[in-house]
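Trainee: okay, predicted coordinates and the sequence, questions at the end:
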Amino acid sequence: MQNAVTVGIDGSAESNAAADWAAREATLRGLPLTLLQAGYEPTPRTHLPEVDVPAERVDRALDFTARRLLADHPGLNIVPHRTAEAPVTALVAAAETSRLLALGSRGFTSLTGFMIGSVALDVTAQARGPVVLVRAGERAEEEHAHAFTIEASAGTAFRPVVLWIDLEHPGEELLSFAFEAAKARATSLTAVHAWRAPASQAYSQAYDPLPAAEDGTIRNEMRLSLAAVLHRWREEYPEVPVTERFTAERAAHCLLLAAKDASLLVVGHRASAGERIGPVTHAMIHHVSCPVAVVPHAL
């Protein structure tokens with residue numbers, strides 16, 4: 001894996017937001033930033049303003065973005081790159097060879113989020129490297145805590161990184177990415193796990209709560225399992241404060257609540273699932289407003 005952050009560029013408002021986020025991320029991690037404009041073919045001029053003006057905007061998108069980001073981040077190593085290769089193909093390849101790939105959302109709303117069939121969703125489903133989806137309109141200040149402290153007012157206190165953990169398939173790649181992101185931000189990590197009652201109890205639980213003793217036993221088992229998964233990573237990243245949160249609620253619901261106070265939400269995509277994104281991850285990339293990192297992992 002190369003030591004670079006890559007972002008897809010197409011001149012749209014959402015790709016501009018992704019570029020801004022990627023520049024900040026590259027700065028935090030001390031990495032170069034690659035600006036990738038895929039599917040690029042110069043458009044012949046027709047002398048018709050309604051055709052030439054949009055075409056010129058696309059032609060100039062890469063250079064304009066590079067100059068803008070360099071003005072905002074003077075010390076950042078920016079590498080512009082154009083390719084005629086199809087966007088999904090080029091971006092999937094870039095995800096595999098980059099530390100992470102940032103892509104913009106399209107038409108974010110509370111209902112539609114990252115639109116079905118978009119390049120971003122197709123790339124996320126196929127990528128074998130981390131993909132971070134950034135909604136249009138995302139701003140740097142939204143990553144920071146709103147607290148009455150000098151650090152927060154100076155924009156140095158990041159909101160926590162939130163990590164969704166499936167205890168059956170925790171994924172080392174997922175944990176590594178989340179802890180590294182929290183370390184880069186000098187912030188805390190909130191590890192979230194939601195458990196379900198056994199299938200034989202699923203119906204009755206909707207009406208009658210589990211007996212207190214049984215509920216306590218399950219919660220204790222979940223707590224021990226989560227602590228065991230996180231133990232190694234706590235030792236490797238002692239500078240990252242970790243909060244463990246587990247609940248019997250639906251995973252998507254508790255993650256949506258946790259993500260409201262997050263600078264970044266990290267979710268997984270199991271390689272064994274192929275190009276099918278799991279239901280929890282699918283819900284997050286459609287409805288969460290903060291940047292969402294989708295990290296492929298083996299187990």
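Mentor: Sure, I can see it.
Trainee: count of neighbours near the nearest residue to Arg185 once chain neighbours are set aside?
Mentor: Nearest residue to Arg185, sequence neighbours excluded (CB to CB, 6 or more residues apart in numbering): Phe158, at 4.0 Å. (Glycine included, C-beta is placed from N, CA and C.) Look at Phe158: counted by other CB atoms under 10 Å, it has 22 neighbours.
Trainee: which residues does the spatially closest residue to Glu142 that is not a sequence neighbour contact?
Mentor: Spatial nearest neighbour of Glu142, chain neighbours left out: Cys290 (7.1 Å); criterion: CB to CB, 6+ apart. Counting by CB atoms under 8 Å, 6 or more residues apart in numbering, Cys290 makes contact with Glu138, Glu142, Glu143, Arg159, Ala259, Ala262, Ser263, Leu264, Leu265.
Trainee: which of those lies closest to Ala271?
Mentor: Here the nearest of the contacts of Cys290 to Ala271, counting by CB to CB, is Leu265; it sits at 20.2 Å.
Trainee: ok, that closest one - contacts?
Mentor: Neighbours of Leu265 in contact, by CB under 8 Å, 6+ apart: 161-164, 255, 258-259, 284, 288, 290-293.
Trainee: list the buried residues for the helix or strand hosting Ile285?
Mentor: Ile285 is located in helix 279-287, with elements delineated by DSSP states H and E. Buried residues in helix 279-287, counting neighbours by 16 or more other CB atoms under 10 Å, are found at Val280, Thr281, His282, Ala283, Met284, Ile285, His286, His287.
Trainee: now the strands for this structure?
Mentor: Here the chain has its strands, by DSSP state E, at 5-8, 33-37, 78-82, 100-104, 131-134, 161-164, 189-194, 242-247, 264-270, 292-297.
Trainee: ok, which of those comes nearest Thr217?
Mentor: Judged by CB to CB, the one of the strands of the chain that comes nearest to Thr217 is strand 242-247, at 13.8 Å.
Trainee: give the buried residues for the closest one.
Mentor: Val242, Glu244, Arg245, Phe246, Thr247.
Trainee: against which helices or strands is it packed?
Mentor: strand 189-194, helix 212-236, helix 251-259 (3 or more CB pairs under 8 Å, 6 or more residues apart in numbering; DSSP states H and E).
Trainee: helices along the stretch 51-200 of the chain, start to end?
Mentor: Along the stretch 51-200 of the chain, counting by DSSP state H, counting those that start in this stretch, helices occupy 87-97, 119-126, 150-153, 172-185.
Trainee: by contact count, what packs against the longest one?
Mentor: This points to helix 172-185. helix 13-29, strand 161-164, strand 189-194, helix 212-236, strand 264-270, strand 292-297.
Trainee: least reliable of the strands of the chain going by mean pLDDT?
Mentor: Sorting these by mean pLDDT places strand 242-247 lowest, at a mean of 88.
Trainee: and the angle for that one with helix 251-259?
Mentor: Strand 242-247 runs at 140 degrees relative to helix 251-259, counting by axes from the mean of the first three to the mean of the last three CA atoms, to 10 degrees.
Trainee: strand 242-247 versus helix 172-185: what angle between them?
Mentor: Using the same axes, to 10 degrees: strand 242-247 against helix 172-185 is 130 degrees.
Trainee: thank you kindly, that will do.
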